[in-house]
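1. Build me a model:
(one chain, ligands or ions: 1)
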Amino acid sequence: MMLPVTIVCGFLGAGKTTLINHLLHNPGSERLAVLVNDFGAINIDQDLIKVETENQIELSNGCVCCSIRDDLASGLVSVSRLSSKFTRVLLECSGVSHPAGVLRVFDNDPIRAQFYVDGLFCLIDTSNILELDYQSTELAIDQAAMSDLVLLNKTDLVPEAVQLEVRQMLQAAQRSMKLLDVVNAQVSPEILFGPTEQVRHRARGAVQGKHSDVYESASFYWDAPIRAEAFRGFAEALPSQILRGKGLLSLTIKDQERPSRGIFQFVGKRSSVELESAEGPERSQVVLIARRGELDRSAIDAALDLCPGARAALPIAQRRRPRRPKICE
Ligand SMILES: Nc1nc2c(ncn2[C@@H]2O[C@H](COP(=O)(O)OP(=O)(O)OP(=O)(O)O)[C@@H](O)[C@H]2O)c(=O)[nH]1
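-> Now for the predicted structure:
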């Protein structure tokens with residue numbers, strides 16, 4: 001039996017992982033296999049998926065629409081071997097993925113014989129899309145234009161006038177685009193998993209070049225727990241050209257015996273560190289993404305000086321062959 005695939009796309013930080021977490025908590029009658037793609041050298045999203053799911057595959061080391069399409073295909077093959085366990089695949093694309101490149105994977109055998117794209121949904125960060133550079137705005141609009149439904153997320157952060165401007169910009173690109181206002185990607189699973197009125201002719205244009213030519217990332221890790229104050233200093237000193245930052249941290253806090261787990265989020269010039277009740281991970285990890293050439297290394301080094309002990313994770317190009325995705329059983 002062929003398995004339906006729900007694809008979630010949207011520019012960096014738009015709320016894709018928030019949506020995946022929401023759907024995993026509210027799966028309805030579905031048994032979901034989740035494939036998660038992160039652009040950076042470290043897959044932080046893998047750890048930000050908050051439901052204990054053994055049915056999760058990590059696709060890191062590049063963008064799923066251009067550099068690691070083979071990894072997506074082999075991830076899907078791994079799912080197909082266990083297809084009786086699942087009723088649906090949820091695919092979270094990296095924020096710089098173009099849906100055309102992702103859809104191409106489903107046009108070829110053996111994937112074409114085992115999976116079909118049942119829905120393509122796009123998250124838009126309503127609070128930030130008007131601030132993006134031209135090329136990133138174009139990518140975000142392309143992602144939206146190819147989707148069956150666009151979720152205008154983070155509407156809590158902007159006044160109605162801005163929401164209206166975003167709507168007008170998107171509908172100027174495609175008049176028939178379907179838009180739904182949401183906060184924290186809260187949408188009924190029936191809307192995404194039920195029958196969709198799919199975009200009739202999804203353009204299957206070739207993706208121009210690789211997204212690693214347009215965007216770059218830097219990843220760092222700390223083997224010892226970090227003082228929360230020191231990390232705050234680092235986060236505040238990050239240069240404003242960074243489009244996206246995220247991290248999974250082990251933070252020491254005054255008067256607390258054990259380090260706590262912290263989640264670092266940086267998007268649209270807003271940064272936050274959320275402390276969780278769980279104990280911190282063995283290693284703290286942070287990924288920063290910017291347009292190629294705009295990742296100001298000396299400013300980042302100056303920020304890292306405020307938070308000693310960081311080591312750089314190897315850039316994608318210097319790694320050995322990307323790891324084959326493995327499904328946990
Ligand atoms: N205020 C507000 N914050 C939100 C909303 N949706 C998501 N966020 C926050 O935005 C940040 C980014 O959300 P993610 O779900 O990680 O975004 P993403 O698209 O998966 O990010 P990438 O995978 O890095 O592209 C997190 O701090 C979320 O908690 C929303 O509707 N309102």
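
2. Next up, identify which helix or strand Thr137 is on.
-> Thr137 is part of helix 134-145 when elements are defined by DSSP states H and E.

3. ok, that helix near the ligand or not?
-> No. Shown here: helix 134-145 not in contact with the ligand (Cβ under 6 Å from any ligand atom), separated by at least 10.9 Å. Just so you know, the C-beta spots here come from the backbone N, C-alpha and C atoms, and that holds for glycine as well.

4. buried stuff in that helix?
-> Of all the residues in helix 134-145, those buried under the rule 16 or more other Cβ atoms under 10 Å are Ser136, Thr137, Leu139, Ala140, Ile141, Asp142, Gln143, Ala144, Ala145.

5. which other helices and strands contact it?
-> Other helices and strands packing on helix 134-145, by 3 or more Cβ pairs under 8 Å, 6 or more residues apart in numbering; DSSP states H and E, are strand 3-10, helix 99-105, strand 115-125, helix 160-173.

6. what's the angle from that helix to strand 115-125?
-> For helix 134-145 against strand 115-125, the angle by axes from the mean of the first three to the mean of the last three Cα atoms, to 10 degrees is 130 degrees.

7. okay, helix 134-145 in PDB with CA atoms only?
-> Extracted C-alpha coordinates of helix 134-145, given in PDB (Å, rounded to 0.1, in the frame of the first residue of the first chain):
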ATOM      1  CA  TYR A 134      15.000  40.000  -1.600                       C
ATOM      2  CA  GLN A 135      16.300  36.400  -2.300                       C
ATOM      3  CA  SER A 136      15.000  35.000   1.000                       C
ATOM      4  CA  THR A 137      11.600  36.700   0.400                       C
ATOM      5  CA  GLU A 138      11.500  35.100  -3.100                       C
ATOM      6  CA  LEU A 139      12.200  31.700  -1.600                       C
ATOM      7  CA  ALA A 140       9.600  32.100   1.100                       C
ATOM      8  CA  ILE A 141       7.000  33.200  -1.600                       C
ATOM      9  CA  ASP A 142       7.900  30.300  -3.800                       C
ATOM     10  CA  GLN A 143       7.500  27.900  -0.900                       C
ATOM     11  CA  ALA A 144       4.000  29.400  -0.200                       C
ATOM     12  CA  ALA A 145       3.000  29.500  -3.900                       C
END
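
8. How about residues contacting it?
-> 9-12, 14, 96-100, 122, 124, 129, 132, 150, 169-170, 173-174, 177, 214, 243, 291 (Cβ atoms under 8 Å, 6 or more residues apart in numbering).

9. just those that are near the ligand?
-> Among these, the ligand is touched by Gly10, Leu12, Ala14 when using Cβ under 6 Å from any ligand atom.

10. what's the helix or strand for the second one?
-> Looking back up the chat, that one is Leu12. Per DSSP H and E, there is no helix or strand for Leu12.

11. how deep is it tucked in, by neighbour count?
-> 25 (other Cβ atoms under 10 Å).

12. That one against Ala290, yeah?
-> No. Applying Cβ atoms under 8 Å, one finds Leu12 not in contact with Ala290, separated by 9.8 Å.

13. shared neighbours of those two, anything?
-> Common neighbours of Leu12 and Ala290 (Cβ under 8 Å, 6+ apart) are Leu243.

14. Backbone dihedrals for the spatially most distant residue from the centre of the chain, please?
-> Residue farthest from the centre of the chain, counting by Cα atoms, centre = their mean, is Asp255 at 34.7 Å. Asp255 adopts backbone torsions of phi 60, psi 10, taken as degrees, to the nearest 10.

15. go on, Lys246?
-> When read as degrees, to the nearest 10, the backbone of Lys246 gives phi -150, psi 160.

16. cool, and the one 4 residues further on?
-> Ser250 adopts backbone torsions of phi -110, psi 110, taken as degrees, to the nearest 10.

17. The helix holding Thr137: what's the following helix or strand?
-> Next element after helix 134-145 (DSSP H and E): strand 149-153.

18. where's that next one relative to the chain centroid, distance-wise?
-> Centroid displacement of strand 149-153 relative to its chain, using Cα atoms, centre = their mean, to the nearest Å, is 15 Å.

19. Please name the strands paired to it in the sheet, noting orientation.
-> strand 115-125 (parallel), strand 179-181 (parallel) (DSSP bridges).

20. out of those strands, deepest packed?
-> Across the strands paired with strand 149-153, averaging neighbours per residue (mean count of other Cβ atoms under 10 Å) puts strand 115-125 on top, at a mean of 23.

21. mind checking which of the strands paired with strand 149-153 is nearest Arg227?
-> strand 115-125 (30.7 Å; Cβ to Cβ).

22. From the chain's centroid, how far away is that closest one?
-> 13 Å.
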